[in-house]
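Asker: Take a look and give me a structure for this.
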Amino acid sequence: MVGDGKIEEEFVHQLLDFGDVPIGTSTSKTFQVKNMSSVSANVSISHQISGTVAMDKVFVCKKRQLLIKPHSSISVKIDFLPTIEKNAYTDYFYISPAGFPSQCVVKCVGRSTAPDIKLSTNILAFKYAELGTDNKQYLTISNRSNVKTSYQIVLDSTESVFKVDKSCGTLDGKQEQTIVVKFVPLQPIPYYKRIPILLHRQEPIFLDLLGSGFTNEIRPARLIGQDLENFVEKVRSGLSMYPPEVQPTISADDKTTLTPGVPLQDQPPSSQYFSDAQMMTESTTMHVTADIETIDFGKCRTFQKVHHKTVTVTNHTKGRVTAIWNDNLDSVFTVLPTECDIQPYKSASFRVNFHPRQPNQFYGADLECTTFYKSMRDAQLVNDQTMCASWSQSVYCTGDTFEPGHEPFLPRYETDTSAILFPPALPDQPVYRTLLLRNQGDTPMSFVFEDDPMGIFSVKPMSGVIYNEVSIVMVRFLANQSRTYQHNLACTLNTKHKIVFPCVAAVELPTAWLENEGAMVFKPSCVGSVTQHWYGVRNTSRLPLHFEWKLHNQDNNLIVSPLAGVILPNDTQYQSWKFSPRDESLLKAVNVLSIYHVKNNRRKLTVSSMGQATKASLECLPKTVDFGISVVGEVSSETVSLHNPYSCTADYQLSLQYEGPDDCVISLDKEKGSLSAYGKEELYVTYQLYLKLTTKSTLSAPSTRKSTLYLLSLVKGSSPNSHSLTSAQLEYCATPARRGSGICSHLTC
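Answerer: So this is what the prediction gives:
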């Protein structure tokens with residue numbers, strides 16, 4: 001059996017460590033339950049779990065009742081299937097024989113591993129490119145873990161000036177793929193686009209794409225990687241809100257009065273992708289925004305008619321910007337006007353047209369608008385110090401032309417899960433999960449998610465069209481009240497087929513279980529000694545908890561180890577407490593335990609410590625020890641008993657002091673130990689007499705001698721001043737004789 005430290009009330013009889021398990025896979029371990037008796041035994045296996053921890057049912061034992069024959073054993077299997085990546089799990093199973101109050105404890109621990117996707121570079125800066133030319137660069141995406149995963153590059157290559165030859169795929173463990181990235185400029189302007197790459201069961205990663213198109217007449221400023229780094233610093237300082245021609249006129253004193261900004265790059269990856277324009281104005285500095293991200297034209301019965309919607313672009317800067325939409329003549333979605341100047345703090349409206357050309361079809365496209373300071377269109381008006389990046393806005397448009405009597409195709413799809421379980425969340429802190437939608441048919445498949453009326457669960461993208469490939473959908477949970485939330489996330493495929501994903505999430509606060517309801521009682525302790533007590537604290541939340549102890553005892557006679565640390569979710573940590581009294585007194589202390597997941601959200605619990613310190617000494621019984629007849633040269637032994645008449649445990653150390661002729665050896669079988677309250681312990685005293693002879697004398701008759709022996713018992717404390725000494729005087733008469741003469745010796749105590 002494998003133990004898990006010294007535990008006073010609950011001892012772990014078996015530890016099953018499942019190690020690191022890739023997310024989406026399972027593993028199992030077994031343990032043996034043996035019947036040591038001569039009769040058959042009924043054994044039950046229980047799984048006691050409550051609270052939000054019960055949401056993570058990752059350890060599964062299918063056997064609940066066992067009938068074990070005499071002196072036989074049964075193998076029990078436990079499966080481990082982690083549901084949340086990069087998480088540590090702990091759980092307990094209790095094995096109870098029928099008719100017995102005692103039980104065995106099996107502790108299960110395991111960790112989940114997630115994909116580890118990396119890019120060969122996070123930025124691609126293209127050369128100065130003439131309009132209409134293809135410019136290629138290569139990007140390598142690699143999976144450094146053993147966990148298989150899928151990826152999706154959020155880029156519509158048919159509408160963007162940046163294009164990829166492969167927008168989605170699957171990476172096996174330790175696999176990499178090379179992607180061709182093209183830059184085909186449509187206008188003589190500087191282009192910058194930050195592309196999210198969605199990863200299943202991992203936070204998204206981002207690729208920055210830079211490029212500038214030119215003609216013989218117009219040569220705009222060329223953006224390079226260093227310009228992007230400088231622009232991010234300008235956002236932090238607040239200087240990015242001013243156009244390049246104004247930035248040199250701002251004095252050093254005026255720069256100190258600028259309002260600092262928060263660049264998008266400073267946000268967590270999932271928040272970068274998921275944040276909409278309205279939310280980002282509160283947490284991130286926005287220069288240009290669009291009022292909507294998606295446009296659904298719905299069913300357009302007359303497919304040759306032009307349908308239109310409106311999108312508004314707002315300039316939040318102090319300079320004039322130019323907005324240019326990519327003009328793709330082959331697209332069924334177009335924008336008018338394609339180009340417009342927007343004054344500071346003003347908005348411009350654009351008309352988005354949908355002109356389908358075929359009936360009974362699904363359509364979807366991601367329209368792209370590039371905005372920039374107007375002076376960036378002329379390289380002579382800017383320099384390396386005033387260069388500013390452009391901004392890219394995208395509006396995803398969908399629509400269909402299915403006529404009455406022509407129902408959409410029955411979707412052939414695959415999802416990776418039937419329910420969505422979120423990791424633990426803090427109040428007002430979002431957590432995210434990914435959902436995989438795969439189109440297994442040979443025709444486009446549309447999807448539309450329904451809004452959560454409470455706004456607690458949200459999805460991005462809300463709608464789209466999947467063309468024979470994979471779409472990764474990110475789901476966000478954001479709430480402020482500490483409780484469990486449930487929601488049925490509905491998705492409609494091809495306008496008819498509806499699927500529902502049950503979502504379960506919880507806002508967690510630091511919670512812990514304290515042994516004995518927060519009371520710790522030490523047994524009576526000897527002054528100067530050290531009494532140890534093991535006290536259990538269990539993390540009853542799904543969050544890893546940091547803890548710190550603050551002891552309140554004026555005499556500094558209480559010590560806890562560890563003083564601070566981390567308790568994993570659902571784990572119980574037994575901590576060592578030591579009480580070392582210096583005088584006879586009562587211990588009454590109220591100690592404070594601070595638990596937190598983040599430092600600004602602490603919770604304080606109290607644990608009371610009680611104990612009593614007394615003095616102790618030992619008695620030696622009986623008063624007289626008779627060794628009987630001893631043969632010279634042979635060993636005789638008798639027993640003496642140590643008695644502790646006090647209510648505390650006494651640690652002792654014994655020694656013998658002998659006064660008399662040096663013609664015998666007296667020893668104890670044990671010189672130190674610990675004697676419990678009112679306890680007794682037997683010791684063996686051995687005695688061996690030697691006869692000393694010389695060539696100058698003869699022994700005609702033995703002589704009788706009296707000698708004295710002192711038995712000293714030292715009750716040990718933590719300092720010399722706290723020791724307690726007890727002595728017993730032993731007097732003995734010994735009549736030495738030649739071997740076999742039958743002369744006896746006596747020892748009197």
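
Asker: buried set for the longest helix along the chain?
Answerer: Longest helix of the chain, by residue count under DSSP state H: helix 225-237. Of the residues in helix 225-237, 227-228, 230-232, 234-235 count as buried by neighbour count, 16 or more other CB atoms under 10 Å. Quick note: C-beta positions are derived from backbone N, CA and C, even for glycine.

Asker: remind me which residues of the stretch 1-150 of the chain are low pLDDT?
Answerer: 1-12 (pLDDT under 70).

Asker: Would you map the strands across it?
Answerer: 12-22, 27-34, 41-46, 59-60, 65-68, 73-80, 88-97, 104-113, 117-119, 123-125, 129-130, 135-143, 149-153 (DSSP state E, counting those that start in this stretch).

Asker: neighbouring contacts of the last one?
Answerer: With CB atoms under 8 Å, 6 or more residues apart in numbering as the contact definition, strand 149-153 has outside contacts at 115, 117, 141, 143, 164, 166-171, 179, 195, 197-202, 207, 436, 470-472.

Asker: buried stuff in it?
Answerer: For strand 149-153, burial by neighbour count (16+ other CB under 10 Å) applies to 149-153.

Asker: now do the fifth one
Answerer: Burial within strand 65-68, assessed by neighbour count using 16+ other CB under 10 Å, is assigned to 66, 68.

Asker: Now do it: everything it contacts.
Answerer: Residues from elsewhere that reach strand 65-68 (CB under 8 Å, 6+ apart): 33-35, 40-45, 74, 76.

Asker: thinking again about what came up before, please identify which of the strands of the stretch 1-150 of the chain is closest to residue 373.
Answerer: Residue 373 sits nearest to strand 123-125 of all the strands of the stretch 1-150 of the chain, at 19.2 Å, using CB to CB.

Asker: Okay, buried residues for that closest one please.
Answerer: Within strand 123-125, the residues scored as buried using 16+ other CB under 10 Å are 124-125.

Asker: For that strand, name the packing helices and strands.
Answerer: Counting contacts by 3 or more CB pairs under 8 Å, 6 or more residues apart in numbering; DSSP states H and E, strand 123-125 packs against strand 202-214, helix 225-237.

Asker: one more time with 10 Å, if that's ok
Answerer: strand 135-143, strand 176-183, strand 190-199, strand 202-214, helix 225-237 (3 or more CB pairs under 10 Å, 6 or more residues apart in numbering; DSSP states H and E).

Asker: I'd like to check the angle between the second one and strand 149-153, please.
Answerer: So the one you mean is strand 176-183. Angle, strand 176-183 to strand 149-153, by axes from the mean of the first three to the mean of the last three CA atoms, to 10 degrees: 0 degrees.

Asker: Counting by contacts, list what the longest helix of the chain packs against.
Answerer: Against helix 225-237 (3+ CB pairs under 10 Å, 6+ apart) you get strand 123-125, strand 190-199, strand 202-214.

Asker: how about the helices of the stretch 401-550 of the chain, start to end?
Answerer: Applying DSSP state H, counting those that start in this stretch to the stretch 401-550 of the chain gives no helices.

Asker: Mind jotting down where the strands sit in it?
Answerer: Shown for the stretch 401-550 of the chain, the strands assigned by DSSP E, counting those that start in this stretch span residues 413-415, 420-421, 431-439, 445-449, 457-460, 463-466, 470-477, 484-493, 497-506, 512-514, 519-521, 525-526, 531-539, 545-550.

Asker: hang on, the earlier thing: return the set of buried residues in the next helix-or-strand element following the longest helix of the chain.
Answerer: Remark: after helix 225-237, the chain's next helix or strand is helix 252-255, criterion DSSP states H and E. Using 16+ other CB under 10 Å as the test for burial, helix 252-255 gives no buried residues.

Asker: How about stretch 87-103?
Answerer: 87, 89-93, 95, 97, 103.

Asker: From the opening residue of it to its closing one, how far?
Answerer: Taking CA to CA, to the nearest Å, the first and last residues of stretch 87-103 lie 29 Å apart.

Asker: repeat for stretch 239-254
Answerer: One end of stretch 239-254 to the other measures 10 Å (CA to CA).

Asker: any idea how far the nearest residue to residue 315 once chain neighbours are set aside is from residue 374?
Answerer: Take residue 315 and drop its neighbours on the chain: the residue closest to it by CB to CB, 6 or more residues apart in numbering is residue 342, 4.2 Å away. Residue 342 sits 10 Å away from residue 374 when distances are taken as CB to CB, to the nearest Å.

Asker: Then residue 521?
Answerer: For residue 521, the distance to residue 374 - CB to CB - is 78 Å.

Asker: More neighbours: which of those two?
Answerer: Set residue 521 next to residue 374 and count neighbours by other CB atoms under 10 Å: residue 374 wins out with 17 against 12.

Asker: I'd say the more buried one and residue 245 touch.
Answerer: Yes: counting by CB atoms under 10 Å, residue 374 does reach residue 245; the two are 9.2 Å apart.

Asker: any common contacting residues for those two?
Answerer: Listed as contacting both residue 374 and residue 245 by CB atoms under 10 Å, 6 or more residues apart in numbering are 319-320, 381.

Asker: ok so, going back, give the contact list for the residue nearest to residue 315.
Answerer: Taking CB under 10 Å, 6+ apart as the test, what residue 342 contacts is 288, 313-315, 317, 320-323, 348, 371, 374.
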